[in-house]
Structures are given as structure tokens and as C-alpha cells.
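Peer 1: What shape does this take:
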Amino acid sequence: MTDITDDFMRRMISSTKNYSIIILKHGPRKHDEGADSIIWEHGRRNFSLRAEGLLSIVCPVNDGSDISGIGIFNAPVEEVKKLMDEDPGVKAGIFVYEMHPCHSFPGDSLPR
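Peer 2: Presented below is the predicted three-dimensional model:
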């Protein structure tokens, strides 16, 4: 394992940036007729938010739990709340969400 010094830790911690994390959960209308087409449009919107640099990481969750997905936004919570409240799946009651401010290291990414 790589040796990490205290000096390295201080430098890295000082380089963090604020982000917003969303935990998307099943809403009360998740299984209503027509939900699949709304979920499709929710996905299309996510691709658009990714293309605009606002949604840095999106992870759909399909493990049978009540969690539908997790997203990390490159925006403050106030802006993300507005975005999420306009999401077609949230508006339709298919999804509900929790939002948390967080910080991480710019340039972090998922491995290919």
C-alpha cells in the first residue's frame, strides 16, 4: 500500500471543492402506469445535465432496495434543489430525493 504522509494529506484536503450529492429514492408513484416513459425522460435529462457539466457522476441503483440512484452534482445545493424539483420523475412522484452538501477532490473519476 502507498505511504501517505501528513504533508500530502494536508495538501490534498486543502484542494477539495464543494459538490452536492443526491440520493434518489422510489416515490409513491414509482409503479404507476406510464412511469417507464417518465423514467426514460428523467434519464435523457440526466444525460443533458452531464453534457452541461452539472451532473458529474450518476449511478443508477438496481439492487431491489428503495434507492433508485446516486448523483454527484458540480453545483451548490440551492441550484441542485431547483434542478431536482424540475426533474420529470420527481415532479410525477416517481422519485423523491435526499440532498447533501459534500466535498471531494477535483478530477476524481470512476475508473474506465
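Peer 1: just the helices in this protein please.
Peer 2: Using DSSP state H, the helices of the chain run over 6-14, 35-51, 77-85, 88-91.
Peer 1: Quick check: which of those helices is buried the most?
Peer 2: For the helices of the chain, the stretch with the most neighbours on average is helix 88-91, a mean of 18; neighbours defined as mean count of other Cβ atoms under 10 Å. All C-beta spots, glycine's among them, are computed from the backbone N, C-alpha and C.
Peer 1: Give me the mean pLDDT for that helix.
Peer 2: Regarding helix 88-91, the rounded mean pLDDT is 98.
Peer 1: now that helix, how far from the centre of its chain.
Peer 2: Here helix 88-91 is found 15 Å from its chain centre; the criterion is Cα atoms, centre = their mean, to the nearest Å.
Peer 1: what residue lies at the spatial centre of the protein?
Peer 2: Taking Cα atoms, centre = their mean, the centroid of the chain lies closest to Gly71, which sits 1.2 Å from it.
Peer 1: for Arg45, what are its contacts?
Peer 2: Listed by Cβ atoms under 8 Å, 6 or more residues apart in numbering, the contact set of Arg45 reads 87-88.
Peer 1: about what we covered before: confirm for me that the residue nearest to the centre of the chain is in contact with Asn46.
Peer 2: Yes: with contact defined as Cβ atoms under 8 Å, Gly71 reaches Asn46; the gap is 7.5 Å.
Peer 1: residues shared between the contacts of those two?
Peer 2: Overlap of the contact sets of Gly71 and Asn46 (by Cβ under 8 Å, 6+ apart) consists of 55, 58.
Peer 1: how about low-confidence regions in the protein?
Peer 2: Applying pLDDT under 70 to the chain flags no residue at all.
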